[in-house]
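# sequence first, predicted coordinates after that:
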Amino acid sequence: MPRLSAHDYLKKRKGKREKFWWSSHLSGDQAAAPNQSMHSNCRGSHWPLEPRCRPCRGDSDGQLYSAGIIDLKSRNRRTIATLLVLCCQPTTMIAQRAGLTALRRVAGKPNAFFAANVAKLALAQPLTTSQIRPVATQKISGDEARALLAKQRLNRPVSPHLDIYDKQQTWFGGSAWQRITGSAFSGGLYVFATAYLAAPLLGWHLESASLAAAFGALPLAAKGALKFLVAWPFAFHAFNGVRHLLFDIGVGFKRQTIIKTGWYLWGASIVGGLYLAFFL
């Protein structure tokens, strides 16, 4: 902040308010009267105080504070005073308390700057204070620290959880079901091929005539359900494969296009699976 004189500062603020600076030698809870013990170079001629201003010497027990009212604001029939407190010597007292004491001294003697109700309202505004609280510490071994860390990790949520995503992306996502249907077909092929090779050794009848006879003996509803369980994954994998080929050439990457083609894919695969199961 640039250093301005009190006159220039008030002129800049476009106000006609009188500016007061005072300093107090504090000893315990006692403070000198306002406008006393002021340093010769610090009588409000500069704002803020110039670095060349040396602090006044107080007594051996007291400390010197300089305070100034830098602004007044009226809000809802209340007048708020902004107080700046400067400590000129090292002290163990809280600066806010010193400023509050000086403000009370000034409020006790109303003048052209303060009205009777202004002082009471200004004193009603609490000043910011700092608090220091002791923190309890405990020394633990390495094994105890690792056990505590493992216990804390058990309370962590699973991230990312599938419930935070849209159901259309998780439960009906074409990319996931493309892998599921492909794994089902490839896994089924490996299982049947292995069983077919082991059938002569185990006495199983997995030849084509035996399978056709066993399937023909099933009810019509069971036949249709089994055929649909095979036909629908095939139709879905085929249609979605074409969709992924279009993705490879950069077609259909818009968000709305992906959503629409996803629903079209499910509809076409279900219709295709029903056709293959009951009409072929």
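Perfect, thanks for sending it.
# low-confidence stretches in the stretch 151-280 of the chain?
Counting by pLDDT under 70, the stretch 151-280 of the chain contains low-confidence ranges at 158-159, 162.
# who are the packing partners of the helix or strand containing Leu201?
Secondary structure assignment for Leu201, by DSSP states H and E: helix 174-202. If you count contacts as 3 or more C-beta pairs under 8 Å, 6 or more residues apart in numbering; DSSP states H and E, helix 174-202 packs onto helix 220-248, helix 255-278. C-betas here are computed from N, CA, C, even on glycine.
# quick one: list the elements packing against the longest one.
Meaning helix 220-248. Other helices and strands packing on helix 220-248, by 3+ C-beta pairs under 8 Å, 6+ apart, are helix 174-202, helix 255-278.
# of all those helices, which one is nearest Gly216?
Closest approach to Gly216 among the helices and strands packed on helix 220-248 is made by helix 255-278 (15.7 Å; C-beta to C-beta).
# next, the buried residues of the closest one.
Across helix 255-278, burial judged by 16 or more other C-beta atoms under 10 Å covers 258, 261-262, 265, 268-269, 272-274, 276-277.
# mind putting those in a markdown table, distance to Gly182 included?
Converted to a markdown table, the buried residues of helix 255-278 look like this (distance: C-beta to C-beta, whole Å):
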| residue | distance to Gly182 |
| --- | --- |
| Ile258 | 20 |
| Thr261 | 19 |
| Gly262 | 17 |
| Leu265 | 15 |
| Ala268 | 18 |
| Ser269 | 14 |
| Gly272 | 17 |
| Gly273 | 16 |
| Leu274 | 21 |
| Leu276 | 18 |
| Ala277 | 20 |
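# nearest to Ser210, of the residues you listed?
Ala277 (22.2 Å).
# any idea how far that closest one is from Ala231?
5 Å (C-beta to C-beta, to the nearest Å).
# likewise for Gln178?
For Gln178, the distance to Ala231 (C-beta to C-beta) stands at 17 Å.
# would you map out the domains in this protein?
6-124, 165-278 (automatic domain parsing).
# what's near enough to touch Pro233?
Shown in contact with Pro233 (C-beta atoms under 8 Å, 6 or more residues apart in numbering): 181, 184-185, 273.
# are any of these buried, and if so which?
181, 273.
# in a markdown table: the contacts of Pro233, plus distance to Arg133.
Formatted as a markdown table, the contacts of Pro233 follow (distance: C-beta to C-beta, whole Å):
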| residue | distance to Arg133 |
| --- | --- |
| Thr181 | 61 |
| Ala184 | 62 |
| Phe185 | 66 |
| Gly273 | 68 |
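# which one of the contacts of Pro233 is nearest to Gly250?
Set against Gly250, the nearest of the contacts of Pro233 by C-beta to C-beta is Thr181 (24.6 Å).
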